[in-house]
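1. Sequence first, predicted model second:
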Amino acid sequence: NAGVTQTPKFRVLKTGQSMTLLCAQDMNHEYMYWYRQDPGMGLRLIHYSVGEGTTAKGEVPDGYNVSRLKKQNFLLGLESAAPSQTSVYFCASSNPWGQTAAYEQYFGPGTRLTVT
Amino acid sequence: GENVEQHPSTLSVQEGDSAVIKCTYSDSASNYFPWYKQELGKGPQLIIDIRSNVGEKKDQRIAVTLNKTAKHFSLHITETQPEDSAVYFCAASMNYGGATNKLIFGTGTLLAVQP
């Protein structure tokens, strides 16, 4: 199993451009999450999904949109990139039931995004 | 909403010494407290977690303690090794056993183990 994969690994955007980050998981997990990680601020939840076709806002959703058309994929979109969105983006997945460790969130390797 | 504070932000220890990282949370309804380790260039990985009905949990050289009254929990690493060098994040959630398991993370501790 590949676990959680993210595409692309690096990206540089100009202010106002748009892009989509792709997250894929092969563990048949129900829940998926998008976080951003900034220096000194830890990880902050942007949006999450509790199942195919559902999405919900996290702590810092403004400027981002998401879609979960397939259970294994969770897309994060930036419609009009701003320098404040320069960050490292992590996707994660988990299951809400089962064994003791079922609440563990499995993270992807991250996407480093720079907006100039 | 929930707020998690983590200290220290950086910690340097000699190989073989112990390391302690502390976190406090604000919402008494939080009932699940995981710790994640993030190595350079990688995503965070769960190393240990504790539920609110348990006061302490150990896994080899790693232990976590929870004080619900004071609303703080700590990560203890004994006999540190150079491969323990990483950024460690604590987190809190009030939805363990519920619908979403949304985690609120601390700001991280950069642990450096000097050989």
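-> The structure has been received and is ready for your questions. Residues are numbered from 1 along each chain as shown, chains lettered A, B, ... in the order given.
2. Which residues does B:V20 form beta bridges with?
-> Beta-bridge partners recorded for B:V20 (DSSP bridges): B:H76.
3. Show the contacting residues for it.
-> By C-beta atoms under 8 Å, 6 or more residues apart in numbering or on different chains, the contact set of B:V20 is B:74-77. From N, CA and C alone the C-beta is placed, and that goes for glycine too.
4. Swap in 10 Å and give it another go.
-> In this structure, B:V20 makes contact with B:7-8, B:11, B:13, B:63, B:65, B:74-78, B:109, judged by C-beta atoms under 10 Å, 6 or more residues apart in numbering or on different chains.
5. just for chain B, where's the confidence low?
-> B:95-101 (pLDDT under 70).
6. Format the contacts of B:V20 as JSON lines; extra columns: secondary structure, neighbour count and distance to A:D26.
-> Shown next, in JSON lines, are the contacts of B:V20 (DSSP: H, G, I helix; E, B strand; the rest coil; neighbours: other C-beta atoms under 10 Å in any protein chain shown; distance: C-beta to C-beta, whole Å):
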{"residue": "B:H7", "secondary structure": "strand", "neighbour count": "13", "distance to A:D26": "37"}
{"residue": "B:P8", "secondary structure": "coil", "neighbour count": "12", "distance to A:D26": "38"}
{"residue": "B:L11", "secondary structure": "strand", "neighbour count": "17", "distance to A:D26": "36"}
{"residue": "B:V13", "secondary structure": "strand", "neighbour count": "17", "distance to A:D26": "38"}
{"residue": "B:A63", "secondary structure": "strand", "neighbour count": "17", "distance to A:D26": "33"}
{"residue": "B:T65", "secondary structure": "strand", "neighbour count": "17", "distance to A:D26": "36"}
{"residue": "B:S74", "secondary structure": "strand", "neighbour count": "17", "distance to A:D26": "35"}
{"residue": "B:L75", "secondary structure": "strand", "neighbour count": "25", "distance to A:D26": "30"}
{"residue": "B:H76", "secondary structure": "strand", "neighbour count": "17", "distance to A:D26": "34"}
{"residue": "B:I77", "secondary structure": "strand", "neighbour count": "25", "distance to A:D26": "32"}
{"residue": "B:T78", "secondary structure": "coil", "neighbour count": "14", "distance to A:D26": "36"}
{"residue": "B:T109", "secondary structure": "strand", "neighbour count": "22", "distance to A:D26": "32"}
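7. what number of residues lie near the residue in chain B that chain A sits nearest to?
-> The minimum distance from chain B to chain A, using C-beta to the nearest C-beta, falls at B:G43 (3.2 Å). For B:G43, the count of nearby residues is 23 (other C-beta atoms under 10 Å in any protein chain shown).
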